[in-house]
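K.L.:
got a predicted structure here, sequence first:
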Amino acid sequence: MKRYYIYHLSESVIEGGMSRNNAFYKRVSDLDALKINIYSKNIFKRFWFAVKTICTLYFIKNRSILIHQGSLWILFPVFFMKANFFQKLVFHLLAKVSKNNKLTIEVNDLVYEQSIDLELFVDDFFSFLQQRLYTIKDCYYIFASHEMKYYTSKKYNILSKYSSVIINGAPELKDYSIIYNDEKWMESDKKKFVYAGSLNKGRQIEDLLTIFTDNEDNLLIVLGNEGEWLNEIKLPKNIIYLGNFEEGIAHYIVSKCDIGIIPYNENRFYYNLCFPTKVSFYITAGLPVLCTPLKELQNVFYNDDAILFNSFSNWKNIIKDIDKEHIIKMKKATDLIKKSYQWDFVLQSLKFE
């Protein structure tokens, strides 16, 4: 059975979703598959790619097809999907593809639920789209967390044989000291806590800054996209915003810290549903993790000394009191598991046949 892989990749990897796409692309490149990239900055090229891809999907039979959910929304823009006629054509096509082939959709996020908890614009139309997308007959789904799979399967009656899980991994750590080597903060004797990831509102970043503003004996290193607003406020000397970096460089910077932190609000539904990319990002960089008690992560790391779970209300004291001996113990536990969260290991379970 010939394989078709439909994906979208930008020129650089600077956020978790694109990191996942890039990892899948590298894994599929080792297989005998026809790869179709539908992304281009040029709108005319993107339109041409879409036409060719739609024609391919319409005519092929007895093939194995893997496509990212995000690629579907590039192929069929939501703006056009709101037109009833276009929407019916798209889901008729996907039903036909699923009937004549083995269609697998990789689901990185549940856009509707995510937008609510991240305080983004909530487009109710995505709730309808998800209902249509996750009820395609005989379609297979790969979810990015166990809780996401459980929730979606229960809500849309997806049989277990049609769903699987591939969590978010991270790349192998590489040395980027030639490109980035800020000895000033790296050589500090202070404990270095790091937050690496999106810095938009809804991720408790402001509360995190408050904790470290009152805790001058520890450093907070912050890097990631959508953090421009941090340049507009006066940060204390122990909070250092570095900006946004390509994935490999960001990974190297993280490795120079002591503890990775995930301050997500444990009372928000979606945070308990997802497996944040930054977990694997920290662990594969050799860092233990301080995290709020999120359901998915507690289930995965239920008996592991590499992660310390505690309510955000207790973080101020934890960050102040945790000693370097405890950190060293956590780092040893991290070293034992870090290879298991590299993309090469995580994607061994990808069944594309």
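P.N.:
Structure's in. What do you need? Numbers count the residues shown, from 1 in each chain.

K.L.:
do you know the pLDDT at V346?
P.N.:
Here the pLDDT value assigned to V346 is 96.

K.L.:
my guess is it meets I167, correct?
P.N.:
Yes. Counting by C-beta atoms under 8 Å, I167 is a contact partner of V346 at 6.2 Å. Where C-beta positions appear, they are placed from N, C-alpha and C, glycine not excepted.

K.L.:
okay, and the common contacts of those two?
P.N.:
S280 (C-beta atoms under 8 Å, 6 or more residues apart in numbering).

K.L.:
roughly how far apart are C139 and Y150?
P.N.:
Distance of C139 to Y150, given as C-beta to C-beta, to the nearest Å: 18 Å.

K.L.:
which one of these two is surrounded by more residues?
P.N.:
Taking other C-beta atoms under 10 Å, C139 and Y150 do not tie; C139 has more neighbours (21 against 15).

K.L.:
in stretch 218-226, what's buried?
P.N.:
N218, L219, L220, I221, V222, L223, G224 (16 or more other C-beta atoms under 10 Å).

K.L.:
among those residues, list the two that are farthest apart in space.
P.N.:
N218 and G224 (19.2 Å; C-beta to C-beta).

K.L.:
check I14 and give its pLDDT.
P.N.:
52.

K.L.:
please name the nearest non-neighbouring residue to E216.
P.N.:
Among residues not flanking E216 along the chain, N238 sits closest, at 5.1 Å (C-beta to C-beta, 6 or more residues apart in numbering).

K.L.:
partners of the strand or helix carrying Y241, with directions?
P.N.:
Here Y241 sits within strand 239-243, counting by DSSP states H and E. Sheet pairing of strand 239-243 (DSSP bridges) gives strand 218-223 (parallel).

K.L.:
give the rounded mean pLDDT of the strand it pairs with.
P.N.:
Strand 218-223 comes out at a mean pLDDT of 95.

K.L.:
with stretch 130-143 instead?
P.N.:
97.

K.L.:
one more: stretch 56-65?
P.N.:
For stretch 56-65, mean pLDDT is 94.

K.L.:
list the buried residues in it.
P.N.:
Buried residues in stretch 56-65 (16+ other C-beta under 10 Å): T56, L57, R63, S64, I65.

K.L.:
and those, which of them are in helices?
P.N.:
By the criterion of DSSP state H, membership of the buried residues of stretch 56-65 in helices covers T56, L57.

K.L.:
looks like T104 contacts E353 (just checking).
P.N.:
No. At 10.2 Å, T104 and E353 do not qualify as touching, with contact defined as C-beta under 8 Å.

K.L.:
got the buried residues of stretch 56-65 as JSON lines, with distance to F212 columns?
P.N.:
Output for those, formatted as JSON lines (distance: C-beta to C-beta, whole Å):
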{"residue": "T56", "distance to F212": "52"}
{"residue": "L57", "distance to F212": "50"}
{"residue": "R63", "distance to F212": "53"}
{"residue": "S64", "distance to F212": "49"}
{"residue": "I65", "distance to F212": "47"}
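
K.L.:
I am finished for the moment; much appreciated.
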